[in-house]
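Undergrad: Curious how this folds, go ahead:
(one chain, ligands or ions: 1)
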Amino acid sequence: MTQEPWTFPVAQRLEGVHSSPVRDILSIISRGDVISFAGGIPDADLFALEDLQAAFAHVLAHQGRRALQYASTEGEPELREQAAARVARNVPSTPEQIQVTSGSQEGLYLVGQALLDAGDVVLVERPTYLAAVQAFTLAGARIIGIPTDEHGVVPQELERLIGEHRPKFVYLIPTFQNPTGTTMPAPRRHQVAEILIRTGTVLVEDDPYGQLRFTGEPLAPITAHPGMARQSLLLNSLSKIVAPGIRVGWVRAEGPILRTIAIAKQAVGLQSAVVDQLAAAHYLATCDVDAHVRQVAAVYKERRDAMHAGLPHILPPAATITSPDGGMFLWARLGHGIDTAGLLPLAVEEGVAFVPGAPFYAHDPDHSTLRLSYVTNTPEVITEGLARLHRAIRSHLQEHRISEEPTSNNIR
Ligand code: PMP
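TA: This next block holds a predicted model:
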């Protein structure tokens, strides 16, 4: 006789924390015939496989016993050196200011554990990266969204919300934001930095996409603004520029907070995988990763162009879309009272998937939004995926008796 599963008394902390809808959608659409615009999944054909094979082989051949042993929580010196050199292109940094993490997702979790008490407020962009909200909520935080325009958070709103809530920190993704793909221009970065300095507010700056630029001039992180580095935690990752299966990222910080973050990391996983760290360090030291990123960005640019050019023809007239200069995502607002969570099943039936926008809002979601990733598929497949999405939108509009009048789309 089989017994009922045990009812474990689950921690209250986890009660309000939902599974990531992106991960849930990814498991639904593992069906081979679905064209996925859902996850920010890099094209595996573009991974620098031979260089990475060589890096792992080198590490196991020449540093094998060290690579297989326990090691320090802060990270391997070679990797901290490579990381510090990359960060120092914008913010003067030493290897001691680098805490290695297992992807920047762990960095977000550690920052939450190191800084947050139950009931603390964290200010985030509206909308924002949902797994950051997950990590901060797990640490007991109350998450409040800052209104944004096409240049990122609105400075007056940021200042008002800081005054009202005295947040523990502000979490921003200023470059090629997830989910909108938008980038905060330099003047707005200065305004934001001045407000954070004037109010003595900590910045958690998440920058996994910054180097994946297709068009426009590179911008320094807000952390690079004079006076900001001491009150910022800057997170980077190799996931988007090398490969996400190598779980390597880092937090750049100054002063005693580094020790607190390291203690939090000891409790989470003692250390990151030494094999991954040493192979990543060897790859960064011996290969031209910037040239590799330029090649990848050139391919992604064609895909962004295909999606950006195709979307206005298939979306309802009142829809707006963003115009990303890099990164992986494009954000659409359909309007017409459409709920994209209701559209998704029709889309999957047609053989295409996206992520409905609502979960990216900490509160008061705009249900007519959706996130589309353009990096995984070729332009031809993107065109086919958009045709499928068009059919799904048409049947959704008919089902809900929403009329569709042909006018031009407002692109932003
Ligand atoms: N931050 C942002 C904004 C992201 O989009 C992601 C990945 N989707 C992460 C952090 C985490 O990435 P990883 O842990 O692979 O570095």
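
Undergrad: With residue 304 as the reference, measure out to the most centrally placed residue in the chain.
TA: Among the residues of the chain, residue 178 comes closest to the average C-alpha position under Cα atoms, centre = their mean, at 4.8 Å. Summarising the geometry, the distance separating residue 178 from residue 304, computed by Cβ to Cβ, to the nearest Å, is 15 Å. For the C-beta atoms, the positions are set from N, CA and C on the backbone; glycine is no exception.

Undergrad: ditto for residue 107
TA: Taken as Cβ to Cβ, the spacing of residue 107 relative to residue 304 amounts to 27 Å.

Undergrad: what do you get for residue 375?
TA: 8 Å.

Undergrad: tell me the pLDDT at the residue in the stretch 101-250 of the chain positioned nearest to the ligand?
TA: Shortest the stretch 101-250 of the chain-to-the ligand distance, computed as Cβ to the nearest ligand atom: residue-wise this is residue 103, at 2.6 Å. In the predicted model, residue 103 carries a pLDDT score of 97.

Undergrad: Looking at residue 375 and residue 304 now, which is surrounded by more residues?
TA: The residue with the greater number of neighbours, taking residue 375 and residue 304 and applying other Cβ atoms under 10 Å, is residue 304; the counts read 26 against 22.

Undergrad: quick one: that one and residue 321 touch, right?
TA: No - judged on Cβ atoms under 8 Å, residue 304 makes no contact with residue 321 at a distance of 11.2 Å.

Undergrad: what is in contact with the two at once?
TA: Among the neighbours of residue 304, those also in contact with residue 321 (Cβ atoms under 8 Å, 6 or more residues apart in numbering) are residue 330.

Undergrad: what about the residue of the stretch 101-250 of the chain closest to the ligand, how many residues close to it?
TA: Per other Cβ under 10 Å, the neighbour tally for residue 103 reads 21.

Undergrad: Who are the contact partners of residue 373?
TA: If a contact means Cβ under 8 Å, 6+ apart, then residue 373 has 36-41, 328-330 as its contacts.

Undergrad: let's see it at 10 Å
TA: For residue 373, the contacting residues are 22, 36-42, 178-179, 181, 303, 307, 327-330, 353-355, taking Cβ atoms under 10 Å, 6 or more residues apart in numbering as the criterion.

Undergrad: again, but for residue 389
TA: With contact taken as Cβ under 10 Å, 6+ apart, residue 389 is in contact with 35, 37, 310-311, 314-315, 332, 343, 346-347, 350-354, 370, 372.

Undergrad: Also residue 103?
TA: 109, 208, 235, 237-239, 244-250, 272.

Undergrad: Could you rerun that using 6 Å?
TA: When contacts are counted by Cβ atoms under 6 Å, 6 or more residues apart in numbering, residue 103 is found next to 237, 239, 247, 249.

Undergrad: Pull the most distant pair out of the residues you listed.
TA: Farthest apart among the contacts of residue 103 by Cβ to Cβ are 237 and 247. That separation is 9.1 Å.

Undergrad: Tell me which of these two has more neighbours.
TA: Set side by side, residue 237 and residue 247 show more neighbours around residue 237, with 23 against 20, by other Cβ under 10 Å.

Undergrad: Would you mind naming the residues that bridge with that one?
TA: residue 249 (DSSP bridges).

Undergrad: Please renumber the chain so that the first residue is 58 from this point on.
TA: Shifting the count to begin at 58 puts that one at residue 294.

Undergrad: what's the following helix or strand after the longest helix seen in the chain?
TA: If you go by DSSP state H, the chain has its longest helix at helix 346-371. Toward the C-terminus, helix 346-371 is succeeded by strand 377-378 as the next helix or strand (DSSP states H and E).

Undergrad: State the next helix or strand along the chain beyond that next one.
TA: Per DSSP H and E, the helix or strand that comes after strand 377-378 is strand 386-390.

Undergrad: What about the contacts of residue 430, which are in strands?
TA: Members of these lying in strands (criterion: DSSP state E): 93, 386-387, 410, 412.

Undergrad: Can you tell me which of the residues you listed comes closest to residue 65?
TA: Nearest to residue 65 among the ones in strands among the contacts of residue 430, counting by Cβ to Cβ, is residue 412 at 30.0 Å.

Undergrad: For the closest one, give its distance to the ligand.
TA: If you measure residue 412 against the ligand using Cβ to the nearest ligand atom, to the nearest Å, the figure is 11 Å.

Undergrad: What residues are bridge-paired with the closest residue to that residue other than its chain neighbours?
TA: Spatial nearest neighbour of residue 412, chain neighbours left out: residue 428 (4.5 Å); criterion: Cβ to Cβ, 6 or more residues apart in numbering. In this structure, residue 428 bridges to residue 388, residue 412 when assessed by DSSP bridges.

Undergrad: Checking residue 311 next. Helix, strand or coil?
TA: Secondary structure assignment for residue 311 (DSSP: H, G, I helix; E, B strand; the rest coil): coil.

Undergrad: Report how many residues lie close to it.
TA: The local packing of residue 311 (other Cβ under 10 Å) involves 16 other residues.

Undergrad: just the one 5 residues further on next, same as before
TA: Per other Cβ under 10 Å, the neighbour tally for residue 316 reads 13.

Undergrad: Kindly report the same for residue 107.
TA: 9.

Undergrad: Please apply the same query to residue 435.
TA: Neighbour count for residue 435, taken as other Cβ under 10 Å: 14.

Undergrad: residue ranges of the strands in the stretch 108-257 of the chain, please?
TA: For the stretch 108-257 of the chain, the strands defined by DSSP state E, counting those that start in this stretch cover 155-158, 178-182, 199-203, 205-206, 209-210, 226-229.

Undergrad: can you put those in a markdown table and add mean neighbour count?
TA: Shown next, in a markdown table, are the strands of the stretch 108-257 of the chain (neighbours: other Cβ atoms under 10 Å):
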| stretch | mean neighbour count |
| --- | --- |
| strand 155-158 | 28 |
| strand 178-182 | 25 |
| strand 199-203 | 20 |
| strand 205-206 | 15 |
| strand 209-210 | 25 |
| strand 226-229 | 26 |
